[in-house]
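**Student:** After the sequence you'll find the predicted model.
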Amino acid sequence: MREFGIKPFSELTERIPDPHLLMRRGVIFGHRDFDVVLEAMLKGKKYAVMTGLMPSGRMHMGHKLVIDQLIWYQKRGAEIFLCVADLEAYSARDISFEESKRYAIEEYLANYIALGLDLGKCRVYFQSKNDSVKHLAYILAKEVNFSEMRAIYGFANESNIAHIFYPMIDAADILHPQLEEFCGPCPTVVPVGIDQDPHLRLARDVAARVQKQFNFIPPSSTYHRLIPGIKGGKMSSSRPESAIFLTDSVEDAKWKIENAFTGGRATAEEHRRLGGQPDICVIYALYVYQLIPDDEKLLEVRRACTSGEMVCGECKAMAMDLMSNFLRSHQAKLKGAREKAERIAEMI
């Protein structure tokens, strides 16, 4: 990590008042220049958080990780910028703008509201409608040549121009909170998975190239681990069997948990004797990332697993109960949240 300028997040955790559980538990494992953002947070100065959503497919528990962080930042005075990446959905996935809007409202913005994010206090926008972002992208594009884009993203001669230009829209998304018409130059953090780091490096590079014109502060970033899929691998909307969606029925969620990959032994007897392996267990990952906010309770579950005191059937039953309670509560809030999301989207 360090060769790319990414430092361990654990170096900062003790300085953060009431850190988010994802910070405490090492799910957020790395950062680039987050200390700049933290300094602004601790001194009550202006800072921004920038993130985006891809309006394609249903929202699952993995997507929830970023929203949990946004809620935490919002409570600590951050200016939240939330981008609906409808230009990317169009250029990379051939999703129409109308379809993107429907996905954004029904699957994402409504769920964000139900989870507790105050969208009324966020700067929510669709890329296709944001002239500031598109104008900035064009200015930034003058600073980048095709050889650089090909080296970063692997573009080939057959790549279409919209796809090639899109990373400049992404860089503009990251940097535009610092335009004078918004926050002006200020610390800005983008919470991402490590797979998104090329976008952050490009944004930082072009920020330096236009420093005299805009006085941008290089954007900061934090890096979180991705929640594993039900059978291992990555949780993904494109593989419904891998994910627990926020709109899944309780019955479907229970079935997925029942069939999830665990760190259990071949037999109950062997499990009692050798203990389980929580670090490779999808059920335990759900506890770490989402279902058990109490650290002492989580450690007790881990101890019961590794000692063999708790077998996988008992652990799955507990996970089913916790997930069922979450889904029932969340989906009850979701009914009213969709109307709010519609109103917000119409005002953008």
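**Tutor:** Good, I have the coordinates.
**Student:** So which residue of this structure lies furthest out from the middle?
**Tutor:** Ranked by distance from the centre of the chain (C-alpha atoms, centre = their mean), the top residue is Glu269, with 39.6 Å.
**Student:** and it, helix, strand or coil?
**Tutor:** helix (DSSP: H, G, I helix; E, B strand; the rest coil).
**Student:** And it, how far from Glu14?
**Tutor:** Distance, Glu269 to Glu14, using C-beta to C-beta, to the nearest Å: 43 Å. In short, each C-beta sits where N, CA and C put it, glycine included.
**Student:** Please apply the same query to Cys83.
**Tutor:** 32 Å.
**Student:** These two: which has the busier surroundings?
**Tutor:** Cys83 (25 against 7; other C-beta atoms under 10 Å).
**Student:** got a list of contacts for the helix or strand in which the more buried one is found?
**Tutor:** In the assignment (DSSP states H and E), Cys83 maps to strand 79-84. If you take C-beta atoms under 8 Å, 6 or more residues apart in numbering as the criterion, strand 79-84 is touched by 46-53, 55, 70, 73-74, 100-101, 104, 108, 112, 117, 119, 121-127, 130, 133, 173, 176-177, 182-183.
**Student:** What subset of those residues is buried?
**Tutor:** 47-53, 55, 70, 73-74, 100-101, 104, 108, 112, 117, 119, 122-127, 130, 133, 173, 176-177, 183 (16 or more other C-beta atoms under 10 Å).
**Student:** So which of those sit within helices?
**Tutor:** Counting by DSSP state H, the buried ones among the contacts of strand 79-84 place 70, 73-74, 100-101, 112, 133, 173 in helices.
**Student:** Make CSV out of the residues you listed and add distance to Met149 and pLDDT.
**Tutor:** Below are these laid out as CSV (distance: C-beta to C-beta, whole Å; pLDDT from 0 to 100):
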residue, distance to Met149, pLDDT
Leu70, 29, 98
Tyr73, 31, 98
Gln74, 34, 98
Ser100, 24, 96
Lys101, 28, 96
Tyr112, 32, 98
Val133, 18, 98
Asp173, 17, 98
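**Student:** Let me know the closest of these to Pro228.
**Tutor:** Leu70 (22.2 Å; C-beta to C-beta).
**Student:** and that closest one, what does it touch?
**Tutor:** Applying C-beta under 8 Å, 6+ apart, the residues near Leu70 are 49, 51, 80, 82, 112, 117, 122, 191.
**Student:** Same list (the residues you listed) but as CSV, adding distance to Phe261.
**Tutor:** Compiled in CSV, these are given as follows (distance: C-beta to C-beta, whole Å):
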residue, distance to Phe261
Val49, 33
Thr51, 29
Ile80, 35
Leu82, 33
Tyr112, 29
Leu117, 31
Cys122, 36
Pro191, 27
